[in-house]
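**Student:** I'll drop the sequence and a predicted model, then ask my questions.
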Amino acid sequence: MPAAQHRTEEEIRRSRFITTLAHAPTVEEARAVIATVSREFGDASHNCWAYVVGPPGSTSQVGMSDDGEPHGTAGRPMLTVLLHSGVGEIVAVVTRYFGGTLLGKGGLVKAYSGGVQYALETLPLGERVEKVTCTVVIDYASITLFQRMLPDYEVEILDEVYAADVSYRLELPAAGLDAFSEAVVSLTNGQALIGVDYPPIAS
């Protein structure tokens, strides 16, 4: 999936093609990106788009638009490139400023699909990380050392309650849960209580 919004630009026979790629884990977020880019380039001739919401190559939630270009010359070619890119949860918007020279249907297909392909070549990618939430209960004597160890396991504190003992609600990468649990048990000499919520959270 895209790690950040990414933009490239090309000029083809005096027309400017600006391609924006962004992370889109939901249809709503994909459409929000489309709306933002369309407002940013509100004076453009066309803001054509396509998105794939879900795993790479999934067609369960896809969308596309030619935004006034001849039918089938923009959105569909863009979507085809996304589906074969090996990247999921992605939205692409290709903005065109018409330069006065007609490209023909074949030229438009090549320009729009090529714009997405060109942007994908330099797109920074991120990995989907499965996370879990858990509750850890420790005594007051362990607080300082416990909090010091949290960054080592990429742990985020969601909530903490101070009573007879201290109860923490935490989120951390699922892959590091076993090591973190072992470290907590070792730190507290087996006195900590650890409860894990399932299923994991994808982020």
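**Tutor:** Done, it's in.
**Student:** so what's the spatially most central residue of the chain bridging to?
**Tutor:** By Cα atoms, centre = their mean, the chain has its centre lying nearest to His23, at 3.6 Å. Beta-bridge partners for His23, by DSSP bridges, are Ile90.
**Student:** okay, it and Glu171: tell me how far apart.
**Tutor:** 20 Å (Cβ to Cβ, to the nearest Å). Every C-beta, even on glycine, is put in place using the N, C-alpha and C of the backbone.
**Student:** same thing with Val116?
**Tutor:** Distance of Val116 to Glu171, computed by Cβ to Cβ: 34 Å.
**Student:** give me the more crowded residue out of these two.
**Tutor:** A count of neighbours by other Cβ atoms under 10 Å puts Val116 above the other of Val116 and Glu171, at 26 against 16.
**Student:** now that one. Nearest residue, chain neighbours left out?
**Tutor:** Once flanking residues are discounted, Val116 sits nearest to Val81: 4.5 Å by Cβ to Cβ, 6 or more residues apart in numbering.
**Student:** so what's the residue count around the one you found?
**Tutor:** 21.
**Student:** three-state assignment of it?
**Tutor:** helix (DSSP: H, G, I helix; E, B strand; the rest coil).
**Student:** could you double-check that it lies in contact with Gln117?
**Tutor:** Yes - using Cβ atoms under 8 Å, Val81 is in contact with Gln117, at 5.4 Å.
**Student:** what segments of the protein are helices?
**Tutor:** Along the chain, counting by DSSP state H, helices occupy 27-40, 75-83, 104-120, 143-149, 177-187.
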